[in-house]
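Student: what follows is a predicted structure for the sequence shown.
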Amino acid sequence: MRIVFMGTPRFAVEIFRRIVKDGHEICGVFTQPDKPQGRKMRLTPSPVKLAAEDEAPIFQPSSMKDPLALQTLHTLAPDVIVVVAYGQILPESVLNIPKFGCINLHASLLPKYRGAAPIQWSIINGEKETGVTSMFISTGLDTGDMILKKAVAITENETYGSLHDKLMLAGARVISETLPLIESGNAPREKQEDALSSYAPRIMRETGLLDFTKPAQRVHDLVRGLSPIPGAYTFYHGKTFKIIETEISDKRAGEPGTIFAEKDVLEVLCGDGRCVRLLTVQAQGGKKMEAALYLRGHQPISGERMGA
């Protein structure tokens, strides 16, 4: 079966490698154009480009609506297009090219968490379970018929980083099981129930602003959902203060945002009277470090407030 693979970040690399390992013919790889990164803003290829450069021809159109991109796909004549976190919405003109259609691997148990950031929002919202879904791509946003699902538990202190890697491995297995079903014509098609759907919008800077008037669990969940990147944050002495890792601690008296600094322990009081203990932090202009190490070089005073 001739496959065109479309993907960009590290999440897509594991799925790409599994397709290669399974012996499918990858006739082309589409990934986002190289982007300037780092302090020197050097053009940097995507993880998928680096992984695929010795495996198949690579194409990097800025838009899949480009006539040249469409012509390239027609020339490649794929039986199926596999899309994993590509970063572009495919127009209907692309969806109609492959013999068996286009399939997508989405990092949630659809129809929950359609959209750009399903992994982060499943943690931020305190879910106990998420997963991956293979689906036929339609013209809507993650609304196509579902093929296979695999559930993955979200542990108490799960972070975006750790869950990302679990779902990446689960996704590789699901795509490995999906492609033979596509080729044989036996792939199931389960309609999504729109009434059960939810949306996972792109993570913006303001998403990460901590509100200590909320319960400690909600604060902890936001920190987990944005760890290790981009990091939840608050303000301390008027400067941005990132909080990368926390755990829920004891009850204390005081106003939300109150700091408790004792030896190697740094805690902040939340709206339900419980504290979050800060484990890893990053002051503005500084490096990421353990909170205990931060305390040795700084002297937060118990009773001060974070969030201002």
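Tutor: Ah, there it is.

Student: burial count for residue 52?
Tutor: 25 (other CB atoms under 10 Å). To be clear about C-beta, it is placed using only N, CA and C from the backbone, and glycine gets the same treatment.

Student: correct me, but it touches residue 5?
Tutor: Yes - shown here, residue 52 and residue 5 form a contact pair, counting by CB atoms under 8 Å, at 7.4 Å.

Student: find residues that contact each of the two.
Tutor: Common contacts of residue 52 and residue 5 (CB atoms under 8 Å, 6 or more residues apart in numbering): 16, 26, 29.

Student: by neighbour count, which of these wins?
Tutor: Greatest neighbour count in the shared contacts of residue 52 and residue 5, by other CB under 10 Å, goes to residue 16: 26 neighbours.

Student: and residue 115, how far is that from residue 229?
Tutor: Residue 115 is 18 Å from residue 229, where distance means CB to CB, to the nearest Å.

Student: more neighbours, the two?
Tutor: Neighbour totals were compared for residue 115 and residue 229, and residue 115 leads with 16 against 9 (other CB under 10 Å).

Student: skip the chain neighbours and tell me the closest residue to that one.
Tutor: Closest residue to residue 115 apart from its sequence neighbours, by CB to CB, 6 or more residues apart in numbering: residue 200 at 4.0 Å.

Student: show me the contacts for the one you found.
Tutor: Residue 200 sits in contact with 108, 113, 114, 115, 116, 117, 118, 120, 121, 122, where contact means CB under 8 Å, 6+ apart.

Student: retrieve the pLDDT associated with it.
Tutor: pLDDT, residue 200: 98.

Student: how about residue 308?
Tutor: Confidence at residue 308, expressed as pLDDT, is 66.

Student: and of the shared contacts of residue 52 and residue 5, the nearest to residue 246?
Tutor: residue 16 (34.3 Å; CB to CB).

Student: ok, then the element right after the helix or strand where that closest one lies?
Tutor: Using DSSP states H and E, residue 16 sits in helix 10-21. Using DSSP H and E, the next helix or strand after helix 10-21 towards the C-terminus is strand 25-30.

Student: next structured bit after that following strand?
Tutor: Per DSSP H and E, the first helix or strand lying C-terminal to strand 25-30 is strand 35-37.

Student: let me see the mean pLDDT of that following strand.
Tutor: pLDDT averaged over strand 35-37 gives 90.

Student: just the buried positions in the biggest strand by length in the chain, please.
Tutor: As assigned by DSSP state E, the longest strand anywhere in the chain is strand 239-251. For strand 239-251, the neighbour count (16 or more other CB atoms under 10 Å) marks 241, 242, 243, 244, 245, 246, 247, 248, 249 as buried.

Student: what pairs with it, parallel or antiparallel?
Tutor: Take DSSP bridges as the rule and strand 239-251 pairs in its sheet with strand 232-236 (antiparallel), strand 274-283 (antiparallel).

Student: so residue 293 sits in a helix?
Tutor: Yes - per DSSP: H, G, I helix; E, B strand; the rest coil, residue 293 lies within a helix segment.

Student: contacts only, for it.
Tutor: So residue 293 contacts nothing (CB under 8 Å, 6+ apart).

Student: look up how far residue 157 lies from it.
Tutor: For residue 293, the distance to residue 157 (CB to CB) stands at 20 Å.

Student: all helices of this structure, in order?
Tutor: 10-21, 47-52, 67-76, 92-95, 118-124, 160-184, 216-225, 291-297 (DSSP state H).

Student: out of those, which comes closest to residue 37?
Tutor: That would be, of those and by CB to CB, helix 47-52, which comes in at 11.9 Å.

Student: give me the mean pLDDT for that closest one.
Tutor: The model assigns helix 47-52 a mean pLDDT of 98.

Student: domain map for the protein?
Tutor: Domain assignment for the chain by automatic domain parsing gives 2-196, 205-297.

Student: just how off-centre is stretch 174-184 within its chain?
Tutor: 24 Å (CA atoms, centre = their mean, to the nearest Å).

Student: which residues does residue 229 contact?
Tutor: 160, 161.

Student: and for stretch 177-195, what's in contact with it?
Tutor: For stretch 177-195, contacts defined as CB under 8 Å, 6+ apart pick out 1, 3, 19, 22, 24, 79-80, 82, 100, 103, 110-111, 134, 136, 143-148.

Student: of those residues, which belong to strands?
Tutor: 3, 80, 82, 103, 134, 136, 146, 147, 148.

Student: distance to residue 196, pLDDT and neighbour count for these - can I get that in CSV?
Tutor: Below are the ones in strands among the contacts of stretch 177-195 laid out as CSV (distance: CB to CB, whole Å; pLDDT from 0 to 100; neighbours: other CB atoms under 10 Å):
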residue, distance to residue 196, pLDDT, neighbour count
3, 31, 98, 26
80, 27, 98, 21
82, 26, 99, 28
103, 21, 98, 25
134, 18, 99, 26
136, 18, 98, 19
146, 12, 99, 18
147, 18, 99, 23
148, 18, 99, 18
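
Student: much appreciated, bye for now.
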